[in-house]
Each structure stands twice: as C-alpha cells, then as structure tokens.
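>>> Provide a 3D model corresponding to the input given below.
(one chain, ligands or ions: 2)
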Amino acid sequence: MSMLRLTNLEAGYGALRVLKGISLHVSQGEIVAIIGANGAGKTTLLKSIAGILPPRSGTILFDKRELRGQPAEKIVQLGCSLVPEGRHVFPTMTVKENLVLGAYSRRGKGRMPEAVRASIDEVCRLFGILRERENQLAGTLSGGQQQMLAIGRALMSKPRLLMMDEPSLGVAPLVVSDIYRTIAALKRDGLTILLVEQNARAALAVADRGYVIETGQIVLEGTSRELSDNREVQRAYLGKEYKRIDE
Ligand SMILES: Nc1ncnc2c1ncn2[C@@H]1O[C@H](COP(=O)(O)OP(=O)(O)OP(=O)(O)O)[C@@H](O)[C@H]1O
Ligand SMILES: [Mg+2]
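Ligands and ions are numbered 1, 2, ... in the order given. Next up is the predicted model:
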C-alpha cells in the first residue's frame with residue numbers, strides 16, 4: 001500500500017510553473033529516489049509535499065490523508081519530515097539544542113524531557129560524532145557533520161516518512177558513504193524514505209525505485225536496477241564507469 005501518493009501535482013513561484021503534473025508513489029518501507037539535474041524541480045517537489053510551498057493543484061495523499069493545504073507544522077506532526085537542501089541547522093545553537101528543536105512537533109505525545117532525551121540518544125547512536133559534539137555550536141561543524149545533524153533533527157520528530165533533499169551536497173566523498181550507510185540502516189529499521197539527489201550514483205545504489213524528473217515532469221520511472229541499466233540515465237546522470245554496488 002502506498003504511504004505517499006501524489007497525483008498531478010502542480011507548483012511554482014509567481015508566474016513560473018515548475019512542477020507540471022507530478023504523479024508518483026512511495027510504499028511503506030521503500031527508499032524512492034528522485035533523480036534530476038540542476039533546476040529540474042526536485043526541491044520544489046519536496047517543499048510542496050512538506051507544506052512549505054502551497055501547490056497549485058493536484059493531490060498529496062499521505063496514509064490516505066490529504067496533505068495539500070495543511071500547514072507545514074501539521075505535516076510534520078502527521079509523520080512526514082524534511083531534511084532541507086543546504087541543511088539549515090541553526091548555527092549559533094548547540095548540536096543538542098538543534099536536536100531538541102526537532103522534537104518541537106511532538107506536543108502532547110511524549111514531549112517530556114525523558115522522551116526527548118531518549119530520542120537524542122537514538123540519533124547519537126546513529127551518528128556518534130553528534131554525541132562527541134553535543135555542546136558545540138552547530139555552525140562550527142563540518143558540512144558532513146551538519147548534514148548528519150540535519151538528518152538527526154528531522155528524525156527527532158519521529159517521522160514515518162523521511163524526505164531528504166540532496167544529503168550528499170557539499171559533503172566530502174568519504175562522509176557521503178557514511179551518510180548513505182546510515183540511510184540504508186534507517187531503511188532496515190523500517191523507515192520509509194523519499195530521497196532527492198543530483199548524485200544519481202549514490203541515490204540509485206541505496207534506493208529500491210526511482211523517478212527521473214526533467215523540467216518539472218517525470219520522464220522515466222523504474223526499479224533502481226532498471227534505471228541504472230538505462231542508457232539515457234547512464235549518459236545523463238551516471239557517467240561511463242557506473243557499476244552497481246552489488247556487482
Ligand atoms: N523561491 C523561488 N522563487 C522563484 N523561482 C524559484 C524559487 N526556487 C526555485 N525556483 C526556480 O524553480 C526551478 C526549480 O528549482 P528547484 O530548486 O526546485 O530545482 P532543483 O531540482 O532542486 O535544483 P538543484 O538540483 O539545483 O537543487 C528553477 O528554475 C529555479 O530557478
Ligand atoms: Mg534542489
């Protein structure tokens with residue numbers, strides 16, 4: 001059963017039409033990748049789902065519930081959380097304070113300090129460096145560490161669907177593998193993930209399925225294997241020496 005289902009989603013900025021009728025779905029427990037070049041509309045898509053940018057038309061069903069028109073905070077409460085492009089951690093707050101803020105939406109259901117502390121422990125088990133840097137200002141972390149913090153902050157809301165916008169952007173290659181190992185571990189723990197990347201190589205290596213988006217439209221969809229075997233995808237997004245990690 002689909003956890004998330006978009007039908008004919010349209011969105012844009014002023015006179016600019018960006019998403020021109022996007023339809024896609026994400027099933028429970030899947031990692032689904034959205035691959036696309038610079039400016040294709042990937043961030044616009046995630047912002048529309050997250051309620052940051054109100055879509056113009058179409059539907060966004062999350063567990064059969066319409067998200068379109070709901071405020072961003074409510075969407076987080078419903079279990080759909082975004083790790084934004086460029087991370088946007090609060091630089092003058094500590095690592096721990098950033099994490100605590102991520103639990104803001106858990107009002108009523110266990111927003112007690114103990115529950116928040118337990119969630120911080122879970123996040124720090126995932127990213128050990130965050131424990132070591134707990135009291136350090138987030139702005140002094142490296143790009144990769146800030147990405148880990150942004151993921152951890154999103155996890156603090158206890159999402160069932162985690163949306164990630166270019167987790168590998170501006171992150172050193174070795175750290176990209178760390179982050180992608182964590183994404184695989186989150187899936188093993190049962191989390192459903194919608195992953196947006198220009199780095200098709202990293203995304204398809206971890207995803208179950210994917211969609212290719214070009215100028216606001218889905219032009220191709222398939223399993224990660226089908227996409228990575230596709231000549232056009234190889235030429236446009238993967239480069240020549242592409243090999244799947246399971247080969
Ligand atoms: N706030 C905004 N106001 C006006 N136009 C915008 C805004 N944000 C994005 N756009 C435009 O919308 C289009 C899609 O942008 P979007 O950020 O969704 O692309 P993207 O696929 O995420 O690209 P990238 O890989 O560079 O992150 C682009 O033409 C961009 O210039
Ligand atoms: Mg983007």
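>>> quick check: Ala200 touching Gly239?
No. Counting by Cβ atoms under 8 Å, Gly239 is not a contact partner of Ala200; they are 9.2 Å apart. Any C-beta I mention is one placed from the backbone N, CA and C, and that applies to glycine too.
>>> quick one, longest helix in the chain?
Across the chain, the helix with the greatest residue count (assigned by DSSP state H) is helix 173-188.
>>> send me it as CSV with only the CA atoms.
Listed in CSV are the C-alpha atoms of helix 173-188, where the atom choice follows Å, rounded to 0.1, in the frame of the first residue of the first chain:
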residue,chain,number,x,y,z
PRO,A,173,33.1,11.8,-0.5
LEU,A,174,34.1,9.6,2.4
VAL,A,175,31.4,11.2,4.5
VAL,A,176,28.9,10.7,1.7
SER,A,177,29.4,7.0,2.1
ASP,A,178,28.8,7.3,5.9
ILE,A,179,25.6,9.2,5.3
TYR,A,180,24.4,6.7,2.7
ARG,A,181,25.2,3.8,5.1
THR,A,182,23.0,5.4,7.6
ILE,A,183,20.2,5.9,5.1
ALA,A,184,20.4,2.1,4.4
ALA,A,185,20.3,1.4,8.2
LEU,A,186,17.3,3.6,8.6
LYS,A,187,15.5,1.6,6.0
ARG,A,188,16.4,-1.6,7.7
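>>> in it, what counts as buried?
For helix 173-188, the neighbour count (16 or more other Cβ atoms under 10 Å) marks 175-176, 178-180, 182-183, 186-187 as buried.
>>> next: stretch 145-152.
So for stretch 145-152, counting by 16+ other Cβ under 10 Å, buried means 145-152.
>>> quick check, nearest of these to Pro159?
Each of the buried residues of stretch 145-152 was scored against Pro159 by Cβ to Cβ, and Ile151 proved nearest at 10.8 Å.
>>> just say helix, strand or coil for that closest one.
For Ile151, the secondary-structure state derived from DSSP: H, G, I helix; E, B strand; the rest coil is helix.
>>> now Asn199: closest residue in space that isn't a chain neighbour?
Across the structure, with Cβ to Cβ, 6 or more residues apart in numbering as the measure, the residue nearest Asn199 apart from its sequence neighbours is Ser168 (4.6 Å).
>>> hang on, isn't that neighbour packed against Val176?
Yes. Proximity of Ser168 to Val176 meets the contact threshold set by Cβ under 8 Å, at 4.5 Å.
>>> what is in contact with those two at once?
A shared contact of Ser168 and Val176, defined by Cβ atoms under 8 Å, 6 or more residues apart in numbering, is any residue touching both; here these are 199, 202.
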